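Peer 1: Sharing a model that was predicted from the sequence below.
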There are 2 protein chains.
Amino acid sequence: MSCNKIITITRQYGSGGHDIGQLLSEKLGIKFYDKELISLAAKESDVDPEIFEQADEKPTNSLLYSLSVGLYNYGNGFGSMGDLPVNDKLYIAQHKVLKDLAEKEPFIVVGRCADYVLKDYPNVIKVFIHADLEVRIKRALQEYDIEPARAKHAVVKADKNRANYYSFYSGQKWGQADNYDLCINTTHLSIEQAVDVIINYVKVLEEE
Amino acid sequence: MSCNKIITITRQYGSGGHDIGQLLSEKLGIKFYDKELISLAAKESDVDPEIFEQADEKPTNSLLYSLSVGLYNYGNGFGSMGDLPVNDKLYIAQHKVLKDLAEKEPFIVVGRCADYVLKDYPNVIKVFIHADLEVRIKRALQEYDIEPARAKHAVVKADKNRANYYSFYSGQKWGQADNYDLCINTTHLSIEQAVDVIINYVKVLEEE
């Protein structure tokens, strides 16, 4: 099946959003971006990718905190953005990368406020993936290197960070259904099933 | 296609939720309940359906308000519920009707906190239908008897009532994606397309 859409996937931690994006990209034959956006943004802005890696999907820290942990960058390059905290630089660079990509070809992107950044493009499908907490803890334990005793805390904290990041840059509420075209609960769905739900949705949308 | 699921549809005013429920019921060959629940609840509780009609999907009013508009019912029948305000009686009666129906057969129900009431039943699919405000105003003008100048106000107010009703009785946030299995934005979908998305979802779910 061919697809001329850009699909943004916002996902709760452990809900399978990354794997869904990857399989969807294979099935639709279009590119997939998750952490890849960081290196593109780093290249775009001439910042060390490792510095951006630390700031990934986190809202701007206070100036004091940024200075104390070395996240504040004293105007080395990156045009007029020299004075901004790293988190903002990363957001702005990813914003530019996403808009440049959107001019070129269909793709799938996970996280990074992409649904908000690309909200005015007519060919964007905004998907939100979520699941019950217990299911997400289980998946997080299988997929990531998390201590079992701290798994619940890690999942809740990761979501809190994502929600803060999203609302900081978009001014919208993360996980509020009206911000998306399609929200899918993966509690009772495999990655393959969730991908099929999205592909069927794209097919129905193209029927009109 | 046969369907052994109960499908609850929560919907923003003017998003097409009622029509989607009705068409879905025809296509799946299972019963459909919207306002029909009021007469079932009235029968169940021996209250005049017209009194329930007024209280439909509204949270309990203050005692003073209930007394002033005659919504307070001085213990006429309905077992131990005689002292409750009408809104609560309706909610409790609908709650009982929904649980009784759920024991018998698959069906589709619109509104009435049904997703919350039936949340512990394993065969329930919780759907939320929403659309952009402009689209909902347009649909509300076509479908309901609303003065054009007051259409926006009417749509916003109806949603506020539904959100209050839902959070009053469920303690959950209306329209928060994690409360549902599937949320669909009907801004760019016809009723038929939205129904197809739900039917495809049911099919995928039954694949497992």
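Peer 2: Thanks, I have it. Residues are numbered from 1 along each chain as shown, chains lettered A, B, ... in the order given.
Peer 1: A:E105 is in contact with A:I30, isn't it?
Peer 2: Yes: judged on C-beta atoms under 8 Å, A:E105 makes contact with A:I30 at a distance of 7.2 Å. Backbone N, C-alpha and C define where each C-beta goes, glycine included.
Peer 1: higher neighbour count, those two?
Peer 2: A:I30 (18 against 10; other C-beta atoms under 10 Å in any protein chain shown).
Peer 1: Contacts only, for that one.
Peer 2: Neighbour list for A:I30: A:3, A:105-108 [criterion: C-beta atoms under 8 Å, 6 or more residues apart in numbering or on different chains].
Peer 1: can you check A:A93 too?
Peer 2: Per C-beta under 8 Å, 6+ apart, neighbours of A:A93: A:41-42, A:44-45, A:47, A:52, A:78.
Peer 1: Sticking with it, tell me its helix or strand.
Peer 2: helix A:86-104 (DSSP states H and E).
Peer 1: One more: A:A151?
Peer 2: Counting by DSSP H and E, A:A151 is part of helix A:151-170.
Peer 1: That helix versus helix A:86-104: what angle between them?
Peer 2: Inter-element angle recorded for helix A:151-170 and helix A:86-104: 70 degrees (by axes from the mean of the first three to the mean of the last three C-alpha atoms, to 10 degrees).
Peer 1: Would you mark the buried spots in helix A:151-170?
Peer 2: Under the neighbour-count criterion of 16 or more other C-beta atoms under 10 Å in any protein chain shown, helix A:151-170 has A:151, A:154-155, A:158-159, A:162, A:165-166, A:169 buried.
Peer 1: Among the contacts of A:A93, which ones are in strands?
Peer 2: Assignment to strands by DSSP state E places none of those there.
Peer 1: which of those residues are close to chain B?
Peer 2: Contacts with chain B within the contacts of A:A93, counted by C-beta under 8 Å from any C-beta of the partner chain: none were found.
Peer 1: wait, which of these is closest to B:A140?
Peer 2: Distance to B:A140, by C-beta to C-beta, is smallest for A:A41 among these, at 42.8 Å.
Peer 1: so who does the closest one touch?
Peer 2: Contact analysis of A:A41 by C-beta under 8 Å, 6+ apart lists A:47, A:52, A:90, A:93-94, A:96-97.
Peer 1: Distance check, the spatially closest residue to it that is not a sequence neighbour against chain B.
Peer 2: Nearest residue to A:A41 in three dimensions, chain neighbours excluded: A:A93, at 3.7 Å (C-beta to C-beta, 6 or more residues apart in numbering or on different chains). Using C-beta to the nearest C-beta, to the nearest Å, A:A93 is found at 29 Å from chain B.
Peer 1: What pLDDT is listed against A:A93?
Peer 2: What the model reports for A:A93 is a pLDDT of 84.
Peer 1: Ok, A:N87 next?
Peer 2: 79.
Peer 1: That one: how many residues sit nearby?
Peer 2: The local packing of A:N87 (other C-beta under 10 Å) involves 23 other residues.
Peer 1: That one contacts A:A55, correct?
Peer 2: Yes: using C-beta under 8 Å, A:N87 is in contact with A:A55, at 4.4 Å.
Peer 1: Do a quick rundown of the helices in chain A.
Peer 2: For chain A, the helices defined by DSSP state H occupy A:17-28, A:36-45, A:49-55, A:63-68, A:86-104, A:114-117, A:133-143, A:151-170, A:191-207.
Peer 1: which of the ones you listed sits most buried?
Peer 2: Among these, ranked by average contacts under mean count of other C-beta atoms under 10 Å in any protein chain shown, first place goes to helix A:114-117 (a mean of 22).
Peer 1: could you dump that helix to CSV, C-alpha only?
Peer 2: Taking Å, rounded to 0.1, in the frame of the first residue of the first chain, the C-alpha atoms of helix A:114-117 are listed here in CSV:
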residue,chain,number,x,y,z
ALA,A,114,5.7,16.7,15.9
ASP,A,115,1.9,16.7,15.9
TYR,A,116,1.9,20.3,17.1
VAL,A,117,4.8,21.4,14.9
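Peer 1: Now for the residue nearest to the spatial centre of chain A: which residues touch it?
Peer 2: Central residue of chain A (C-alpha atoms, centre = their mean): A:G111, 0.7 Å from the mean position. Listed by C-beta under 8 Å, 6+ apart, the contact partners of A:G111 are A:9-11, A:17, A:34, A:57, A:162.
Peer 1: Give me the phi and psi angles of it.
Peer 2: Backbone torsions for A:G111, taken as degrees, to the nearest 10, come to phi 70, psi -150.
Peer 1: Quick check, pLDDT for it.
Peer 2: A:G111 is given a pLDDT of 90.
Peer 1: A:P85 and A:I51, how far apart?
Peer 2: 11 Å (C-beta to C-beta, to the nearest Å).
Peer 1: repeat for A:G29
Peer 2: 34 Å.
Peer 1: before we move on, what about A:E192?
Peer 2: Relative to A:I51, A:E192 is positioned 37 Å away (C-beta to C-beta).
Peer 1: ok, and what's touching stretch A:142-157?
Peer 2: For stretch A:142-157, the external contacting residues (C-beta under 8 Å, 6+ apart) are A:13-14, A:133, A:136-137, A:140-141.
Peer 1: who wins for neighbours among the contacts of A:I30?
Peer 2: A:I108 (27 neighbours).
Peer 1: So, low pLDDT: which residues of chain A?
Peer 2: A:1-2, A:58-83, A:208 (pLDDT under 70).
Peer 1: Neighbours of A:D46, how many?
Peer 2: Neighbours around A:D46, by other C-beta under 10 Å: 11.
Peer 1: how far away is it from chain B?
Peer 2: Taken as C-beta to the nearest C-beta, the span from A:D46 to chain B is 38 Å.
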